[in-house]
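Undergrad: Have a look at this prediction, sequence included:
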Amino acid sequence: MVEDILDQLESILSPLGIYKIEDNSIIKAELVAYAYGIDLVKEQIQKTFEEGFIQTSQDFGLSLREELMKIEPEGSINQRREKIIKRNCVIRGQWNPNRINEILQETKLDVSVVEDFEKGRVIITFASQKDATIENLSKVLNVVRSEIPAHLEIRSNIGPITWNKIDKANKGFAYLDRLDLTFDSLENFE
């Protein structure tokens, strides 16, 4: 590939008559350096092009999408692609609480989701008080957040979470940040 680029550079410059391109000349060495640089850029552009499409991505194109969509990178490359494509196929107006409850089974928690139409919210209900923890709420939110329409507020049956409780647990803001909870999850419980 470098030779092709070098040939192209020489064919562009030779007709000008300004450069004397001979082996072991400074001009030839400079063109070889340019050819290697151009080859590296071409490879990076090709890699970015391949990773830009789900069907051809095999590396960072998959992992970036999985991170963005909160998908666990498991299985073969084709299985990972299928999960991403499936998640991208969820469109507005097709939200289905039964589908969400199926997805919740991934968490292995006894939890369900109910929509409160009047108040425009979704309520995540833990069957057991033992399971009703901030950590489990974070797990559930990571699984369902991308499936629930953004205009619906998310609430939970976890008892009121107050800043005092968080302070008593001796957990810092880095801990809360890792949980990836919404502001409403911490401030506005009823």
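TA: Done, it's in.
Undergrad: For stretch 36-52, buried residues please.
TA: By 16 or more other CB atoms under 10 Å, the buried positions in stretch 36-52 come out as Ile38, Asp39, Glu51. All C-beta spots, glycine's among them, are computed from the backbone N, C-alpha and C.
Undergrad: And stretch 124-137, by the same measure?
TA: Ile124, Phe126, Asp131, Ala132, Ile134, Asn136, Leu137.
Undergrad: what about Glu67, which helix or strand?
TA: helix 60-69 (DSSP states H and E).
Undergrad: How far does that helix sit from its chain's centre?
TA: Chain-centre distance of helix 60-69: 4 Å, with CA atoms, centre = their mean, to the nearest Å.
Undergrad: what helices or strands is that helix leaning on?
TA: The contact analysis (3 or more CB pairs under 8 Å, 6 or more residues apart in numbering; DSSP states H and E) places helix 60-69 against helix 26-51, helix 77-88.
Undergrad: list the helices and strands the last one packs on?
TA: Put plainly, it is helix 77-88. Counting contacts by 3+ CB pairs under 8 Å, 6+ apart, helix 77-88 packs against helix 60-69.
Undergrad: Repeat that for the first one.
TA: Contact analysis of helix 26-51 by 3+ CB pairs under 8 Å, 6+ apart lists helix 2-13, helix 60-69 as its packing neighbours.
Undergrad: Now the last one: average pLDDT?
TA: Per-region confidence: helix 60-69 scores 90 on mean pLDDT.
Undergrad: ok and it relative to helix 26-51, angle-wise?
TA: Angle, helix 60-69 to helix 26-51, by axes from the mean of the first three to the mean of the last three CA atoms, to 10 degrees: 40 degrees.
Undergrad: hey, C-alpha coordinates of helix 60-69 in PDB?
TA: Taking Å, rounded to 0.1, in the frame of the first residue of the first chain, the C-alpha atoms of helix 60-69 are listed here in PDB:
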ATOM      1  CA  PHE A  60     -14.700  -0.100  19.700                       C
ATOM      2  CA  GLY A  61     -17.800   0.400  17.500                       C
ATOM      3  CA  LEU A  62     -19.500  -2.300  19.500                       C
ATOM      4  CA  SER A  63     -18.100  -1.500  23.000                       C
ATOM      5  CA  LEU A  64     -19.000   2.200  22.700                       C
ATOM      6  CA  ARG A  65     -22.600   1.500  21.700                       C
ATOM      7  CA  GLU A  66     -22.900  -1.100  24.500                       C
ATOM      8  CA  GLU A  67     -21.600   1.400  27.000                       C
ATOM      9  CA  LEU A  68     -24.000   4.000  25.700                       C
ATOM     10  CA  MET A  69     -27.000   1.700  25.800                       C
END
